[in-house]
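Asks: coordinates only, sequence not included:
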């Protein structure tokens with residue numbers, strides 16, 4: 001029988017005691033669009049109380065606002081994006097993005113795509129994929145609002161990325177996942193372990209395809225907002241053992257990933273991944289990979 005107790009006990013066995021969390025909204029300044037304009041100071045003048053996120057360069061928590069921060073002139077001009085704090089981490093883990101050919105394999109609704117373009121200062125090329133037409137519309141609206149000029153959008157399943165006939169310097173895999181209770185108050189009622197297994201299988205297929213199109217000296221970042229090890233550590237263990245990939249040390253907010261999960265011993269390199277338990281942010285998992293030499 002699945003449900004709250006089933007999942008909470010799993011979290012305890014992974015080293016985290018369950019507690020309810022209340023997330024704070026976060027924004028990220030698009031530095032490519034605000035040269036010479038203090039968007040943070042301007043928002044504060046409008047009465048928005050902001051707190052710098054200590055582990056992000058351009059991220060701020062919204063402590064208080066009397067209006068929606070997604071309905072300001074500055075937001076519509078692309079000066080900033082509304083983006084959860086943990087979700088701002090993956091794109092920052094690449095060592096260098098300027099002038100690179102980048103694949104955003106599961107791009108919609110576009111928050112991380114815009115962030116990639118910002119980090120690239122609109123140089124190079126981003127190929128952004130998603131399979132859902134409605135989500136692609138949201139992605140294209142984000143790109144237009146934020147004046148992104150270096151991105152090509154395709155309606156294509158990430159499991160078919162090799163059809164593009166391209167090799168990529170950098171690949172972001174923000175893969176479809178089961179999510180977690182911190183962002184969905186009905187999560188425990190709606191989710192079962194079968195959902196986790198189904199998502200883990202899909203994620204492996206996307207990982208395998210991404211490995212095919214990654215350049216020999218390229219970098220790949222894998223991320224989910226799931227807390228379930230089947231979608232996180234176990235997938236990376238499989239990728240290391242099956243796809244000729246290896247993990248890379250990263251320096252970001254989070255806890256070292258466990259290398260023993262429910263009695264199964266994983267490759268020691270999985271410890272380089274980061275598991276983010278809900279609290280300051282939503283639950284998250286992130287890992288950086290490269291081809292084994």
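Replies: Done, it's in. These numbers come from a predicted model, not from an experiment.
Asks: Show me which residues of stretch 147-163 are buried.
Replies: Buried residues in stretch 147-163, defined by neighbour count with 16 or more other CB atoms under 10 Å: 148, 150, 151, 153, 154, 156, 157, 158, 159, 161. Every C-beta, even on glycine, is put in place using the N, C-alpha and C of the backbone.
Asks: what's that stretch in contact with?
Replies: With CB atoms under 8 Å, 6 or more residues apart in numbering as the test, stretch 147-163 has contacts from 32-33, 78, 103, 105-107, 113-114, 117, 120, 122-131, 133, 136, 139-140, 142-143, 164, 173, 175, 202, 205-206, 209-210, 212-213.
Asks: My guess is residue 228 contacts residue 196. True?
Replies: Yes. If you go by CB atoms under 8 Å, residue 228 and residue 196 touch, sitting 4.7 Å apart.
Asks: list residues touching both of those two?
Replies: What both residue 228 and residue 196 touch, as defined by CB under 8 Å, 6+ apart, is the set residue 178.
Asks: Tell me where the stretch 151-293 of the chain has strands.
Replies: 151-155, 168-174, 214-224, 245-248, 255-256, 260-261, 264-265, 274-276, 284-291 (DSSP state E, counting those that start in this stretch).
Asks: Look up how far residue 122 lies from the nearest residue to residue 111 once chain neighbours are set aside.
Replies: Take residue 111 and drop its neighbours on the chain: the residue closest to it by CB to CB, 6 or more residues apart in numbering is residue 83, 4.6 Å away. Distance, residue 83 to residue 122, by CB to CB, to the nearest Å: 18 Å.
Asks: can you redo the strands of the stretch 151-293 of the chain as TSV with distance to residue 182 and mean pLDDT?
Replies: Formatted as TSV, the strands of the stretch 151-293 of the chain follow (distance: least, CB to CB, whole Å; pLDDT from 0 to 100):
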stretch	distance to residue 182	mean pLDDT
strand 151-155	29	98
strand 168-174	17	98
strand 214-224	13	98
strand 245-248	25	98
strand 255-256	15	98
strand 260-261	21	98
strand 264-265	26	98
strand 274-276	10	98
strand 284-291	9	98
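Asks: For those strands, give me a markdown table that also has distance to residue 89.
Replies: Below are these laid out as a markdown table (distance: least, CB to CB, whole Å):
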| stretch | distance to residue 89 |
| --- | --- |
| strand 151-155 | 20 |
| strand 168-174 | 11 |
| strand 214-224 | 8 |
| strand 245-248 | 14 |
| strand 255-256 | 13 |
| strand 260-261 | 22 |
| strand 264-265 | 26 |
| strand 274-276 | 8 |
| strand 284-291 | 6 |
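Asks: wait, residue 52 sits on residue 62?
Replies: No. Taking contacts as CB under 8 Å, residue 52 lies outside contact range of residue 62: 11.7 Å.
Asks: who's more crowded, the two?
Replies: Remark: of residue 52 and residue 62, residue 62 carries more neighbours, 17 against 12, as counted by other CB atoms under 10 Å.
Asks: Give me the nearest residue to residue 265, chain neighbours excluded.
Replies: Closest to residue 265 by CB to CB, 6+ apart is residue 259, at 6.9 Å.
Asks: and that neighbour, what does it touch?
Replies: 233, 265, 266, 267, 268, 270, 271.
Asks: Which of those are buried? Put it as a ChimeraX command.
Replies: ChimeraX command restricting the contacts of residue 259 to the buried ones, with burial defined by 16+ other CB under 10 Å:
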select :233,266,267,270
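Asks: Please flag which of the contacts of residue 259 sit within helices.
Replies: residue 233 (DSSP state H).
Asks: CSV please, covering the contacts of residue 259 and showing distance to residue 240.
Replies: As requested, the contacts of residue 259 are exported to CSV (distance: CB to CB, whole Å):
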residue, distance to residue 240
233, 11
265, 13
266, 9
267, 5
268, 10
270, 7
271, 12
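Asks: Of the contacts of residue 259, which is the nearest to residue 26?
Replies: Using CB to CB, residue 233 comes nearest to residue 26 of these, at 25.7 Å.
Asks: what about stretch 88-102, how long is it end to end?
Replies: This stretch, stretch 88-102, spans 17 Å end to end (CA to CA, to the nearest Å).
Asks: in that stretch, what's buried?
Replies: Buried, per 16+ other CB under 10 Å, within stretch 88-102: 88, 89, 90, 91, 92, 93, 94, 97, 100, 101, 102.
Asks: Tabulate the residues you listed in JSON lines, adding columns for secondary structure.
Replies: As requested, those are exported to JSON lines (DSSP: H, G, I helix; E, B strand; the rest coil):
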{"residue": "88", "secondary structure": "helix"}
{"residue": "89", "secondary structure": "coil"}
{"residue": "90", "secondary structure": "helix"}
{"residue": "91", "secondary structure": "helix"}
{"residue": "92", "secondary structure": "helix"}
{"residue": "93", "secondary structure": "helix"}
{"residue": "94", "secondary structure": "coil"}
{"residue": "97", "secondary structure": "coil"}
{"residue": "100", "secondary structure": "coil"}
{"residue": "101", "secondary structure": "strand"}
{"residue": "102", "secondary structure": "strand"}
